[in-house]
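Colleague: Here is the input, now give the coordinates:
(2 chains)
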Protein chains: 2
Amino acid sequence: MKLYDYTGAPNPRRVKIFLAEKGVDVELVNCDLTKGEHKSPDFLKKNPSGKIPVLELDDGRCLAESVAICRYIENLHPEPNLFGADPFELGHIEMRNRQIELELWSQVGTSWVNGPIVARMGTFKQIPQAKEASDANVGRYYERLNDEFADSEYVAGDRFTIADITLLTAVDFAGAMVELKPDDSLGNLWRWHALVSGRPSVD
Amino acid sequence: MKLYDYTGAPNPRRVKIFLAEKGVDVELVNCDLTKGEHKSPDFLKKNPSGKIPVLELDDGRCLAESVAICRYIENLHPEPNLFGADPFELGHIEMRNRQIELELWSQVGTSWVNGPIVARMGTFKQIPQAKEASDANVGRYYERLNDEFADSEYVAGDRFTIADITLLTAVDFAGAMVELKPDDSLGNLWRWHALVSGRPSVD
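Modeller: Presented below is the predicted three-dimensional model:
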């Protein structure tokens, strides 16, 4: 299997942490986003959406979308379990993962595409008011998470799951690339961040 | 089990179609969005995100997020299979479902919150430029889908899955509530729409 990757891109990072948790090795193929390689005709045959990561199987079939790739891997390699082990837990972990995606990651993404780095790339027609709103939404969501981590060690309860990978990559990307690092006062959120960042799978 | 619902809301509709496909009956509880019942303290205990649908189990545990609820039901009632029956199909259907959500539903949602109905509600600080961009993105995505349906009977291949429910509810909501009905010229998309709309589960 090959994973189309770009160093520093947050969605391939999600899959790479997941694979490391599973102990699954794949060949990494660099897809240079700065050269538009993800929009080339050859790449669009692998993923018509023109995004990375893409997992290419040995028979040539491809899967895109980070969580879809991870779910494929989970079903090939069930242990350690990262998506849930019974019907309720499968639903609960998916709910938490989706809440982080829809309520935090989507806002970090809006701040990113409307922010200064993408402005210099000139690849997106920016809307400053959208960034004002998403920046504020990110700050509010960090506060909600900080409250939740008062009672919960991990995002979806008392063990590490895919929802922690989703949150870690969002917070790290927001801090490094979008100037939306959580405030130092959010002690529970930072306690969780240190716990998860210390895992051998995370780099 | 109880499903917190509001007639006409597209996300509860996704779950209701899914439950009908499975032949699972649940009690529907009206959560009046126009009265803000989804933001009441009691409701926020069920779902801190303040959104419907929510599935409340007989023991009081709750699940939010449409697809998380559907995955719980899928694992309780595996037939008919709507999420995939082997590792690759589970990944492929999740990929297709997420593409519809991230590339179409998200844009329909942006057009909705920045459109005339929400303007009259006065519940959202609107950004007209965001609606211009999302309206155009929806139109482009309909054309992509129309091309894909030239070779594919359903969203994720040759059988009905959760990804069809996601697309149907997006297209119907976009047409009825956001003035973004697909153009009559998109014959493949409309062929799929008629096929799926004719299922007994769909109302």
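
Colleague: Quick check, A:Ser197 in contact with A:Leu168.
Modeller: Yes - A:Ser197 is in contact with A:Leu168 according to Cβ atoms under 8 Å; the separation is 6.9 Å. C-beta coordinates here come from the backbone N, C-alpha and C atoms, glycine included.

Colleague: More neighbours: those two, which one.
Modeller: The neighbour comparison of A:Ser197 against A:Leu168 (other Cβ atoms under 10 Å in any protein chain shown) goes to A:Leu168, with 22 against 13.

Colleague: OK, contacts around that one?
Modeller: A:Leu168 makes contacts with A:17, A:193, A:196-197, A:202, as judged by Cβ atoms under 8 Å, 6 or more residues apart in numbering or on different chains.

Colleague: now, among these, which is nearest to chain B?
Modeller: A:Ile17 (17.5 Å; Cβ to the nearest Cβ).

Colleague: Can you list the buried residues in the helix or strand harbouring that closest one?
Modeller: Per DSSP states H and E, A:Ile17 falls inside helix A:10-22. Buried residues in helix A:10-22, counting neighbours by 16 or more other Cβ atoms under 10 Å in any protein chain shown, are found at A:10-19, A:21-22.

Colleague: All the helices of chain A, residue numbers only.
Modeller: Remark: helices assigned in chain A by DSSP state H are A:10-22, A:41-46, A:66-76, A:87-99, A:106-113, A:116-121, A:128-148, A:162-177, A:187-197.

Colleague: ok, back up a step: closest to B:Pro41 out of the contacts of A:Leu168?
Modeller: A:His193 (29.5 Å; Cβ to Cβ).

Colleague: CA atoms only: put the least confident helix or strand in chain A by mean pLDDT into CSV for me.
Modeller: The helix or strand of chain A with the lowest confidence, counting by mean pLDDT, DSSP states H and E, is helix A:116-121 at a mean of 92. This file holds the C-alpha atoms of helix A:116-121, laid out as CSV (Å, rounded to 0.1, in the frame of the first residue of the first chain):
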residue,chain,number,x,y,z
PRO,A,116,-2.3,35.3,5.6
ILE,A,117,-0.5,32.2,4.3
VAL,A,118,-3.2,31.4,1.8
ALA,A,119,-3.4,35.1,0.9
ARG,A,120,0.2,34.9,-0.2
MET,A,121,-0.5,31.7,-2.3
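
Colleague: For that helix, what is the distance to the chain centroid?
Modeller: 21 Å (Cα atoms, centre = their mean, to the nearest Å).

Colleague: A:Glu143 - how many residues pack around it?
Modeller: The burial count for A:Glu143: 14, using other Cβ under 10 Å.

Colleague: and it, what is it in contact with?
Modeller: Contacts of A:Glu143 (Cβ under 8 Å, 6+ apart): A:Leu186.

Colleague: And A:Ala9, how far from chain B?
Modeller: 16 Å (Cβ to the nearest Cβ, to the nearest Å).

Colleague: tell me the contacts of that residue?
Modeller: A:Ala9 neighbours (Cβ under 8 Å, 6+ apart): A:33, A:52.

Colleague: And the one 10 residues further on, by the same measure?
Modeller: Applying Cβ under 8 Å, 6+ apart, we find A:Leu19 in contact with A:3, A:25-26, A:73.

Colleague: Would you mind listing which of those residues are buried?
Modeller: The buried subset of these - by 16+ other Cβ under 10 Å - is A:3, A:26, A:73.

Colleague: My understanding was that the second one contacts A:Leu55; is that so?
Modeller: Just to be clear, that refers to A:Val26. Yes - A:Val26 lies in contact with A:Leu55 (Cβ under 8 Å); the separation is 7.3 Å.

Colleague: Find the residues that touch each one of these two.
Modeller: With Cβ under 8 Å, 6+ apart as the test, A:Val26 and A:Leu55 both reach A:1-3.

Colleague: Which of those fall in strands?
Modeller: Mapping the shared contacts of A:Val26 and A:Leu55 onto strands (DSSP state E) picks out A:2-3.

Colleague: Can you tell me which of the shared contacts of A:Val26 and A:Leu55 lies closest to chain B?
Modeller: Among the shared contacts of A:Val26 and A:Leu55, and counting by Cβ to the nearest Cβ, the member closest to chain B is A:Met1, at 11.7 Å.

Colleague: Would you mind measuring from the closest one to A:Ile73?
Modeller: 9 Å (Cβ to Cβ, to the nearest Å).

Colleague: Many thanks, we can stop here.
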